[in-house]
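Engineer: Predicted model, plus sequence, below.
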Amino acid sequence: MNRPTSTLKAEALALIEAALDVKFRDDALRSALQAAAALAQPQSAAGRSHLEYEKLAPGGKLTCKANPGLLMRHGRRDGRVWFFRYRNDVGLEKELKLGAFPRDLSVAEARVEAQRLRELHKSGQSLTLTEPEITYTMMDLCDQYIAEYALGVNAHTGEPIKRSGKEDARLLRRHIIPHHGQTPATEFDGDTIRSILAALSNSAPREAQKVRAVLSTMFNVACGRTAKIAYPNGAWLPQDHHNPTDGAMAPAHTAKTFRPEAVQMKTFLEGLEKEVYGDALRLQLLTMTRVGEAAQAAWAEIDLNNALWHLPSARAKNKHGYTIQLSNQAVALLKRIKDAQPEGTEFVFPAPHDHTRPVAKANAIRGASRIRKNAHLPDGFSTHALRHAGLTWLKENLCPLDVRNAITNHRTKAQNEVVDGGYTKTADFSDLSRDWLQRWAHHIDALQGQNVVKLNPTRLSSN
């Protein structure tokens, strides 16, 4: 017996909407299902489609004739929320909040709950909510945090939210998702965090601190405690949810500092000649910048005619752009690199397989690691040790603190808060910075030429 087309279409629509209620990551498939749902929806049908609920704009509301009492509101703060509307014994209209869409209740679940409440109301029984099944797991939370916050953009400025977004993603995918991915997010508590941190504390105390920091940020973001992103569907977790990292502290960790000895610096400098990323490491050493700042430098930032490198705030660790005075040696290095590149090359050190992008910071770090291992240098000899060596040399040679800060883009409390900072923040240390960086470049040359000389700190000369 042939079944009516309307019946078949209704069954198809039910299957499509059931598929839309399932969580999956294929955006193309989801878009196709939404389009199919719109086509399958009868023009005269009184029931609302899944797509209508999903597309409800902020400030709007939807009722459903096929499901009397079922109501959705889209609040600008809470997102899309289901309600059941009814009249009490004296005829006053009341509303019962059912939960958020789609976190607490899908379309199908909201319809079932509304039907159950209608039957209770008709029989004169008190209206009580069915406790929704918790399905928002730590995997869901981590994935949403990575996509919308760690690797997302600021809702107001359009700029990337976190410079350390990739590191956040690495920490969550390594330490949280594999072991706790199926744990309901609201049940991930302080005891669990303490056990994670304790397991890391002995072998990787710094990693433990990073894990705690990203978890703390993630739960604050999940509860809507940031203005950096929009929440079109409301906060991911209840806004009054307690941050489980409170009271779960990582073991104290003191950063280790390593100052290379003169013979170790000479050995490292010799290794730069054979290392594919040696020029990037040499630029970092000459300018006392961070390895990522040097490795990802763009030609647009550099003024070779005036021996200046303008590092933009977007690439500075502390978000304060500054100008680096280039020594004669740094200018010569950059000119040699530029002359060897095709005209129009954007970056000083382009990625090996994609010249439209700079080389990854990690590649330069691995280059330093290769030099260290091949030359049997101490484990503490890292790219940061190069910056530490430069700063230590400046201090030992009596370079003033303000000049050292101008060279390294460090900002002290005096520059930001106290009275002296208010009067002297416009002081210009460009000439002094250039002089001391030139002295440092001469010192590096002396090390490499086996002629280590401690310069006279009272004589300012760039020759």
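Structural biologist: Cool, got the structure.
Engineer: C-alpha from now on. contacts and neighbour counts both.
Structural biologist: Noted.
Engineer: Now residue 394: closest residue in space that isn't a chain neighbour?
Structural biologist: In this structure, residue 394 finds its nearest non-sequential neighbour in residue 404, 7.1 Å apart by Cα to Cα, 6 or more residues apart in numbering.
Engineer: quick one: residue 58 and residue 78 touch, right?
Structural biologist: No - taking contacts as Cα atoms under 8 Å, residue 58 lies outside contact range of residue 78: 9.8 Å.
Engineer: Those two: which has the busier surroundings?
Structural biologist: A count of neighbours by other Cα atoms under 10 Å puts residue 78 above the other of residue 58 and residue 78, at 19 against 16.
Engineer: The more buried one contacts residue 233, correct?
Structural biologist: Yes - assessed by Cα under 8 Å, residue 78 is found in contact with residue 233 at 6.7 Å.
Engineer: any idea where the helices of the stretch 301-450 of the chain begin and end?
Structural biologist: Under the criterion DSSP state H, counting those that start in this stretch, the stretch 301-450 of the chain contains helices at 328-340, 361-374, 383-396, 401-408, 413-416, 419-424, 430-448.
Engineer: So which of those helices is nearest residue 117?
Structural biologist: Closest of the helices of the stretch 301-450 of the chain to residue 117 is helix 361-374, at 57.9 Å (criterion: Cα to Cα).
Engineer: got a list of contacts for the closest one?
Structural biologist: Outside helix 361-374, the residues that touch it by Cα atoms under 8 Å, 6 or more residues apart in numbering are 268, 271-272, 275-278, 280-281, 291-292, 295-296, 378-379, 381-383.
Engineer: As PDB, could you dump the C-alpha coordinates of it?
Structural biologist: Output in PDB follows, covering the C-alpha atoms of helix 361-374 (Å, rounded to 0.1, in the frame of the first residue of the first chain):
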ATOM      1  CA  LYS A 361      59.600  29.900  16.100                       C
ATOM      2  CA  ALA A 362      60.000  26.200  17.000                       C
ATOM      3  CA  ASN A 363      62.300  25.600  14.000                       C
ATOM      4  CA  ALA A 364      64.800  28.200  15.300                       C
ATOM      5  CA  ILE A 365      64.600  26.700  18.800                       C
ATOM      6  CA  ARG A 366      65.300  23.300  17.300                       C
ATOM      7  CA  GLY A 367      68.300  24.800  15.500                       C
ATOM      8  CA  ALA A 368      69.700  26.000  18.700                       C
ATOM      9  CA  SER A 369      69.100  22.600  20.200                       C
ATOM     10  CA  ARG A 370      71.100  20.900  17.400                       C
ATOM     11  CA  ILE A 371      74.000  23.200  18.000                       C
ATOM     12  CA  ARG A 372      73.900  22.500  21.700                       C
ATOM     13  CA  LYS A 373      73.800  18.700  21.200                       C
ATOM     14  CA  ASN A 374      76.500  18.600  18.500                       C
END
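Engineer: Okay, buried residues for that helix please.
Structural biologist: 361, 364, 365, 367, 368, 369, 371, 372 (16 or more other Cα atoms under 10 Å).
Engineer: And stretch 218-235, by the same measure?
Structural biologist: Across stretch 218-235, burial judged by 16+ other Cα under 10 Å covers 218-224, 228-231, 233-235.
Engineer: before we move on, the earlier item: among the helices of the stretch 301-450 of the chain, which is nearest residue 102?
Structural biologist: Closest approach to residue 102 among these (Cα to Cα): helix 361-374, 39.3 Å.
Engineer: orientation of that closest one relative to helix 383-396 in degrees?
Structural biologist: Helix 361-374 and helix 383-396 meet at an angle of 80 degrees, taking axes from the mean of the first three to the mean of the last three Cα atoms, to 10 degrees as the criterion.
Engineer: Okay, helices next: where are they in the stretch 51-200 of the chain?
Structural biologist: In the stretch 51-200 of the chain, the helices defined using DSSP H, counting those that start in this stretch lie at 107-122, 138-145, 165-171, 177-180, 190-201.
Engineer: would CSV of these with distance to residue 246, mean neighbour count and mean pLDDT be doable?
Structural biologist: Listed next are these as CSV, based on distance: least, Cα to Cα, whole Å; neighbours: other Cα atoms under 10 Å; pLDDT from 0 to 100:
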stretch, distance to residue 246, mean neighbour count, mean pLDDT
helix 107-122, 34, 17, 89
helix 138-145, 18, 20, 93
helix 165-171, 19, 17, 93
helix 177-180, 19, 14, 92
helix 190-201, 7, 17, 90
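Engineer: quick one on the thing from earlier: for residue 201, state which of the buried residues of stretch 218-235 is nearest.
Structural biologist: Using Cα to Cα, residue 218 is the member of the buried residues of stretch 218-235 that sits closest to residue 201, with 20.8 Å.
Engineer: Could you report the neighbour count for residue 84?
Structural biologist: 23.
Engineer: swap that for residue 86, please
Structural biologist: Neighbour count for residue 86, taken as other Cα under 10 Å: 19.
Engineer: quick revisit: by pLDDT, give me the weakest of the buried residues of stretch 218-235.
Structural biologist: The lowest pLDDT within the buried residues of stretch 218-235 belongs to residue 233, with 79.
Engineer: Against residue 80, how distant is that residue?
Structural biologist: Per Cα to Cα, to the nearest Å, residue 233 is found 5 Å from residue 80.
Engineer: And for residue 101?
Structural biologist: 6 Å.
Engineer: quick one, which of the two is more surrounded?
Structural biologist: residue 80 (28 against 22).
Engineer: which residues does the closest residue to the more buried one other than its chain neighbours contact?
Structural biologist: Distances taken as Cα to Cα, 6+ apart put residue 74 closest to residue 80, at 4.1 Å, once the chain neighbours are dropped. Residues counted as contacts of residue 74 (Cα under 8 Å, 6+ apart) are 56, 57, 58, 59, 60, 61, 80, 81, 233.
Engineer: Farthest pair within the residues you listed?
Structural biologist: 61 and 233 (13.6 Å).
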